[in-house]
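Participant: here is my input, please return the structure:
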Amino acid sequence: MQVASINFDRFNIMSDEEAQERIRAARAKLGKKAVLLCHHYQRSDVYQHADLTGDSLKLSRLAGQSDAEFIIFCGVHFMAEVADIMSKPEQISILPDLAAGCSMADMASLAKVERCWRELAEVLNPDEQVTPVTYINSAADLKAFCGEHGGIVCTSSNAPKILEWSFAQREKVLFFPDQHLGRWSGYKMDIPMEEMVVWDPDQEMGGLTPEQIRKARILLWKGHCSVHQMFQPAHILKFRNQYPEGIVISHPECAFEVCRQSDYVGSTEYILNTVKAGAPNTRWLVGTELNLVDRLAREVQHEGKVVQFMAPTVCMCSTMQRIDPQHLAWTLENLAEGKVVNQIKVPAHEAGLAKIALDRMLAVS
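Facilitator: Below is the predicted model:
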């Protein structure tokens with residue numbers, strides 16, 4: 001397999017219809033050599049081609065179970081990294097557009113986390129007192145940091161269970177990069193709000209006093225999801241005023257007050273399963289990414305269920321939107337002609353440490 005590429009320029013101006021035809025043709029040529037993994041937030045014109053779909057936890061498991069030579073991840077960069085880490089050494093992980101990143105993941109860098117660890121050492125002994133927990137929405141080097149320092153990875157599906165494990169190891173948790181998932185998970189464990197403090201990486205000592213650090217049980221990294229921060233308690237209030245019998249379900253990346261005012265809170269997989277299992281002729285307000293909500297609404301409408309998006313404005317994962325039919329067609333045609341493009345390869349040492357943290361997560365889950 002040579003590392004070269006067909007020029008993308010002619011794909012960039014290709015119509016959606018032609019791109020779809022070329023995707024199907026290239027997939028037929030590749031057969032079982034390639035498997036397509038799609039996250040639930042992926043746009044529908046790409047999602048329709050998926051072999052395997054799911055949320056981050058499900059896909060991290062599936063990545064390690066496939067026998068395909070090529071794992072094409074229609075998602076964002078950190079997901080393709082997980083696929084590379086969890087798959088066999090001879091398998092190749094590919095991201096159709098390298099610009100498909102995650103703004104939340106970018107809010108925590110290795111340099112800032114290492115600086116945090118050094119600053120904590122001025123007040124505590126972090127390697128004995130703090131378990132580092134990184135949300136799967138993070139770069140591979142942060143997963144490696146957790147692997148090296150006795151820490152672990154979590155997803156929105158298993159965060160409370162991961163926190164239980166973490167507190168069994170050490171008395172405190174450093175949770176990054178999403179403060180909202182960490183706060184909601186801690187709240188569900190009955191940890192007082194005053195014992196969950198925000199660590200601002202752009203301030204000295206995270207903007208905290210030594211006393212605040214000593215008293216804290218969870219140090220929450222100042223990070224968030226740009227999609228889920230759009231949802232507000234006022235959106236829920238308006239819905240309840242209009243539809244008193246309506247049901248509200250939200251993702252734990254939403255702000256604390258949104259989660260607290262929801263009837264159900266859980267991962268994308270949980271949201272899908274809960275709404276699908278709901279009674280016929282019910283109405284749902286859903287606080288998560290638009291592509292998922294629209295797809296879910298279509299799937300359950302035959303049961304008389306009405307599913308509506310929580311925010312009044314369009315709100316989707318713009319970076320995941322970068323994986324479009326044109327990029328997927330370009331990727332697949334290159335593979336069909338024996339050329340690998342956009343391979344995601346985590347350095348061996350980093351991958352080994354990251355896999356320790358991921359394996360801990362899968363064992364606990």
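
Participant: so what's E81 up against?
Facilitator: By CB atoms under 8 Å, 6 or more residues apart in numbering, E81 lies in contact with S93, A139, A140, I344, V346, A354. (Glycine included, C-beta is placed from N, CA and C.)

Participant: show me which pair in those is furthest apart.
Facilitator: Taking CB to CB, the two most distant members of these are S93 and A139; they sit 14.5 Å apart.

Participant: and A121, how close does it get to M310?
Facilitator: Noted for A121: a distance of 41 Å to M310, by CB to CB, to the nearest Å.

Participant: let me fix that: P210
Facilitator: For P210, the distance to M310 (CB to CB) stands at 40 Å.

Participant: ok, those two, which is more surrounded?
Facilitator: Set P210 next to M310 and count neighbours by other CB atoms under 10 Å: M310 wins out with 27 against 11.

Participant: thinking the more buried one is in contact with S250, fair?
Facilitator: Yes: counting by CB atoms under 8 Å, M310 sits close enough to S250 to count as a contact (7.3 Å).

Participant: mutual contacts of the two, please.
Facilitator: By CB under 8 Å, 6+ apart, the residues touching both M310 and S250 are F231, V286, G287.

Participant: what is the neighbour count of the last one?
Facilitator: What that stands for is G287. 30.

Participant: what residues does the closest residue in space to it that isn't next to it in sequence make contact with?
Facilitator: Nearest-residue entry for G287: S250, 3.6 Å, with adjacent residues in sequence omitted and distances by CB to CB, 6 or more residues apart in numbering. Under the criterion of CB under 8 Å, 6+ apart, the contact partners of S250 comprise F231, V258, C259, S262, Y264, V265, V286, G287, T288, M310.

Participant: out of those residues, list just those in strands.
Facilitator: Counting by DSSP state E, the contacts of S250 place Y264, V265, V286, G287 in strands.

Participant: reformat the contacts of S250 as JSON lines; add distance to R61 and pLDDT.
Facilitator: Shown next, in JSON lines, are the contacts of S250 (distance: CB to CB, whole Å; pLDDT from 0 to 100):
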{"residue": "F231", "distance to R61": "28", "pLDDT": "95"}
{"residue": "V258", "distance to R61": "29", "pLDDT": "98"}
{"residue": "C259", "distance to R61": "26", "pLDDT": "98"}
{"residue": "S262", "distance to R61": "27", "pLDDT": "98"}
{"residue": "Y264", "distance to R61": "23", "pLDDT": "98"}
{"residue": "V265", "distance to R61": "22", "pLDDT": "98"}
{"residue": "V286", "distance to R61": "25", "pLDDT": "97"}
{"residue": "G287", "distance to R61": "25", "pLDDT": "96"}
{"residue": "T288", "distance to R61": "21", "pLDDT": "94"}
{"residue": "M310", "distance to R61": "29", "pLDDT": "96"}
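
Participant: buried set for stretch 327-336?
Facilitator: For stretch 327-336, burial by neighbour count (16 or more other CB atoms under 10 Å) applies to H327, L328, A329, W330, T331, L332, E333, N334, L335, A336.

Participant: so how far is it off the chain centroid?
Facilitator: Here the centre of stretch 327-336 is set off from its chain's centre by 25 Å, with CA atoms, centre = their mean, to the nearest Å.

Participant: what distance do you get for the residue nearest to G287 to D16?
Facilitator: Taking CB to CB as the measure, S250 and D16 are separated by 32 Å.

Participant: hmm, back to that, and of the buried residues of stretch 327-336, the nearest to A111?
Facilitator: H327 (30.2 Å).

Participant: so that closest one is in which element?
Facilitator: helix 325-336 (DSSP states H and E).

Participant: what does that helix contact?
Facilitator: When contacts are defined by CB under 8 Å, 6+ apart, helix 325-336 is touched by residues 5-6, 8, 11-12, 14, 16, 19-20, 22-23, 26-27, 29-30, 33-34, 45-46, 49, 70, 72, 74, 94, 96-97, 340-342.

Participant: keep only those of these that are in strands.
Facilitator: By the criterion of DSSP E, membership of the contacts of helix 325-336 in strands covers A34, F70, I72, C74, I94.

Participant: need those residues in TSV with pLDDT, distance to P160 and neighbour count, can you?
Facilitator: Shown next, in TSV, are those (pLDDT from 0 to 100; distance: CB to CB, whole Å; neighbours: other CB atoms under 10 Å):
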residue	pLDDT	distance to P160	neighbour count
A34	95	36	22
F70	95	35	20
I72	94	32	29
C74	91	29	29
I94	95	33	23
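
Participant: for those, work out which two are farthest apart.
Facilitator: Distance extremes for these: the farthest pair is F70 and C74 at 12.7 Å, using CB to CB.

Participant: most neighbours, which of the ones in strands among the contacts of S250?
Facilitator: Taking other CB under 10 Å to define a neighbour, the member of those with the most is G287, carrying 30 neighbours.

Participant: for the stretch 101-250 of the chain, give me the ranges with low pLDDT.
Facilitator: Residues of the stretch 101-250 of the chain meeting the criterion pLDDT under 70: none.

Participant: could you pull out the helices for it?
Facilitator: Under the criterion DSSP state H, counting those that start in this stretch, the stretch 101-250 of the chain contains helices at 110-120, 126-129, 140-148, 159-169, 179-188, 210-215, 233-242.

Participant: longest helix of this protein?
Facilitator: helix 348-364 (DSSP state H).
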